[in-house]
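Q: Quick check, what structure comes out for this input:
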Amino acid sequence: MGKVLFWIVIIIGALLLIRIVASYNAREQSDSRPKQAKKRGAPPVEHAEAMVRCEHCGIHMPRSEAVLSDGHIWCSTEHAKLGVRQ
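A: Model prediction:
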């Protein structure tokens, strides 16, 4: 029974050592890459833009895409013509 426990401890220790070395190597490789390559997902946002709400349908959109008319905010010229929904 003692020999079995000895080999189990040796195998677990070897697996732990392999995992530590692999994580160290992965960290070294990721540090050598340029910073742009590290980032994944959405492209970087240059600046945040205020969101506004259409007074007819209630949809939210960036301020640059909104139609401003008579102090009201609309998502399209058609909604500006229709006016505020009751």
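
Q: Arg53 pairs with what?
A: The partner list for Arg53 in beta bridges (DSSP bridges) reads His60.

Q: I'd like the distance between it and Lys3.
A: 74 Å (Cβ to Cβ, to the nearest Å). Bear in mind the C-beta positions are built from the backbone N, C-alpha and C, glycine included.

Q: Compare these two and say which is more crowded by neighbours.
A: A direct count of neighbours by other Cβ atoms under 10 Å for Arg53 and Lys3 places Arg53 higher, at 14 against 7.

Q: Tell me how this protein divides into domains.
A: Per automatic domain parsing, the structural domains of the chain span 2-38, 51-82.

Q: so of the ones you listed, which one's packed in deepest?
A: Ranked by mean neighbour count, the domains of the chain are led by domain 51-82 with a mean of 14 (mean count of other Cβ atoms under 10 Å).

Q: now the end-to-end length of that domain.
A: 22 Å (Cα to Cα, to the nearest Å).

Q: Would you reformat the domains of the chain as TSV and include mean pLDDT?
A: Below are the domains of the chain laid out as TSV (pLDDT from 0 to 100):
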stretch	mean pLDDT
domain 2-38	86
domain 51-82	92
